[in-house]
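K.L.:
Sequence isn't available, so here's the structure alone:
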């Protein structure tokens, strides 16, 4: 498994583009296209919010019912959520227009939107943007990078990755890009993620691999406790690597899953670390849980605790807040045996041993907590199950950003 330069255009046959459609933002790109030169198997996972944006409903239908997918049209600025029948028709018009330009079926076009909820899309600009994208799409690394920039909202940096690995005697490539900074919470986040691969794999196994992997990746991210209306992860496989088709759960399938986990984990960490107003990625590892479910619940409880997030922002080793968050999680454990550590690039320190404060230096703890990536490790000594959740610190800027988001 090797990380290489690039994103969604790294795999064979994939092209991308970005365009300035003036949907909400001025003087920046706000639409992107991903296109495969040949039809793709498509898999997807979507928000658990009862309120689902029109693009989510459109994509759910395409992933479930269409024979294949070949293009994705994405816009930032307006989410096309809570927009009724008009919003759904705009999805159709977007797909219809792109299909005509690209000479592919309408049901092979996926759409995605991110931004303000409740506003209608300027459909004429969207259709014009799709037309422009089709004319300039390229298979270059730069085209993929530009697409990753175009889908940003309050993100401060684009998020992309590409890896290569061996399957069936062939080199296979997988690339991805995502956006996400706020309205991020477990069971998918206000995030859009697009993963492309030239692997040849069945649609059924593609969907199973994605559905399983999000449990340990996207569903373990939280920035602010708000689950979005638009969360979408799409995985496209065009088979152009020429590997032996993966149609059963064999060694190649396991390799594919490892690559997918590597890509998704990387993107999740980027989302968490770029939380709105954040100054630090906050990672929580639970060790020694009795069950996997217990480990997941404990890690999420800590990573979503506002008091703990504020302590991380203040570089304060306030371990009582972490133990408190674990205690109200609903998981049964013995607090008198818990060990707790903080770790970062500056070192590792034990701050609690067997449920009480360890003999540690506050100065050293502050130094460790002052790094841009901080990990809390809690060993509950109840079993052998583990889980990792990702979040960020809670800062003054988070409130500022969201107080005037619509303006």
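P.N.:
Received the coordinates, thanks. Quantities reported herein were computed from a predicted structural model and do not represent experimental measurements.
K.L.:
contacts and neighbour counts: CA atoms only from here.
P.N.:
Noted.
K.L.:
So which residues of the stretch 301-407 of the chain form strands?
P.N.:
339-344, 347-353, 356-357, 373-379, 385-392 (DSSP state E, counting those that start in this stretch).
K.L.:
of those, which approaches residue 309 most closely?
P.N.:
Proximity to residue 309 (Cα to Cα) singles out strand 385-392 among those, at 6.6 Å.
K.L.:
between the closest one and strand 373-379, how many degrees?
P.N.:
Here strand 385-392 points in a direction 150 degrees away from that of strand 373-379 (axes from the mean of the first three to the mean of the last three Cα atoms, to 10 degrees).
K.L.:
low-scoring pLDDT stretches of the stretch 201-350 of the chain, where are they?
P.N.:
223-228 (pLDDT under 70).
K.L.:
Dump the strands of the stretch 301-407 of the chain to a markdown table, plus mean neighbour count and distance to residue 110.
P.N.:
Shown next, in a markdown table, are the strands of the stretch 301-407 of the chain (neighbours: other Cα atoms under 10 Å; distance: least, Cα to Cα, whole Å):
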| stretch | mean neighbour count | distance to residue 110 |
| --- | --- | --- |
| strand 339-344 | 22 | 40 |
| strand 347-353 | 18 | 45 |
| strand 356-357 | 15 | 53 |
| strand 373-379 | 23 | 35 |
| strand 385-392 | 26 | 29 |
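K.L.:
who's in contact with the residue located most distally from the centre of the chain?
P.N.:
The centre of the chain is farthest from one residue, residue 359, which by Cα atoms, centre = their mean lies 38.4 Å away. When contacts are counted by Cα atoms under 8 Å, 6 or more residues apart in numbering, residue 359 touches residue 351.
K.L.:
repeat for residue 81
P.N.:
Neighbouring residues of residue 81 by Cα under 8 Å, 6+ apart: 52, 53, 54, 87, 117, 118, 119, 229, 230.
K.L.:
Surely the fifth one and residue 78 touch.
P.N.:
This means residue 117. Yes: if you go by Cα atoms under 8 Å, residue 117 and residue 78 touch, sitting 6.6 Å apart.
K.L.:
give me the element residue 97 is part of.
P.N.:
helix 84-102 (DSSP states H and E).
K.L.:
Counting neighbours, which bits of that helix end up buried?
P.N.:
Neighbour counts over helix 84-102 (16 or more other Cα atoms under 10 Å) mark 87-88, 90-99, 102 as buried.
K.L.:
could you dump the residues you listed to JSON lines with pLDDT and distance to residue 145?
P.N.:
Shown next, in JSON lines, are the buried residues of helix 84-102 (pLDDT from 0 to 100; distance: Cα to Cα, whole Å):
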{"residue": "87", "pLDDT": "93", "distance to residue 145": "28"}
{"residue": "88", "pLDDT": "95", "distance to residue 145": "29"}
{"residue": "90", "pLDDT": "95", "distance to residue 145": "27"}
{"residue": "91", "pLDDT": "95", "distance to residue 145": "25"}
{"residue": "92", "pLDDT": "96", "distance to residue 145": "27"}
{"residue": "93", "pLDDT": "96", "distance to residue 145": "27"}
{"residue": "94", "pLDDT": "95", "distance to residue 145": "23"}
{"residue": "95", "pLDDT": "96", "distance to residue 145": "23"}
{"residue": "96", "pLDDT": "95", "distance to residue 145": "26"}
{"residue": "97", "pLDDT": "94", "distance to residue 145": "24"}
{"residue": "98", "pLDDT": "95", "distance to residue 145": "21"}
{"residue": "99", "pLDDT": "96", "distance to residue 145": "23"}
{"residue": "102", "pLDDT": "97", "distance to residue 145": "21"}
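K.L.:
And those, which is closest to residue 403?
P.N.:
residue 87 (25.8 Å).
K.L.:
mind checking the longest strand of this structure?
P.N.:
Secondary structure of the chain per DSSP state E: the longest strand is strand 31-46.
K.L.:
Give the pairing partners of it; include direction for each.
P.N.:
Strand 31-46 has the following strand partners under DSSP bridges: strand 14-19 (antiparallel), strand 69-78 (antiparallel), strand 232-237 (antiparallel).
K.L.:
pLDDT on the first one, on average?
P.N.:
Pointing back at strand 14-19 there. Strand 14-19 shows a mean pLDDT of 98.
K.L.:
cool, and the longest one?
P.N.:
The predicted model gives strand 69-78 an average pLDDT of 95.
K.L.:
and if you look at stretch 359-373?
P.N.:
Mean pLDDT, stretch 359-373: 96.
K.L.:
Name the residues of that stretch that are buried.
P.N.:
Buried residues in stretch 359-373, counted by 16+ other Cα under 10 Å: 365, 366, 367, 368, 369, 370, 371, 372, 373.
K.L.:
Ends of that stretch, what's the gap?
P.N.:
Taking Cα to Cα, to the nearest Å as the measure, stretch 359-373 stretches 24 Å from start to finish.
K.L.:
mind checking how far it is from the chain centre?
P.N.:
For stretch 359-373, the separation from the chain centroid amounts to 29 Å (computed by Cα atoms, centre = their mean, to the nearest Å).
K.L.:
same check, this time on stretch 73-81
P.N.:
The chain centroid and the centroid of stretch 73-81 are separated by 16 Å under Cα atoms, centre = their mean.
K.L.:
any idea of the pLDDT on residue 377?
P.N.:
Note on residue 377: pLDDT of 98.
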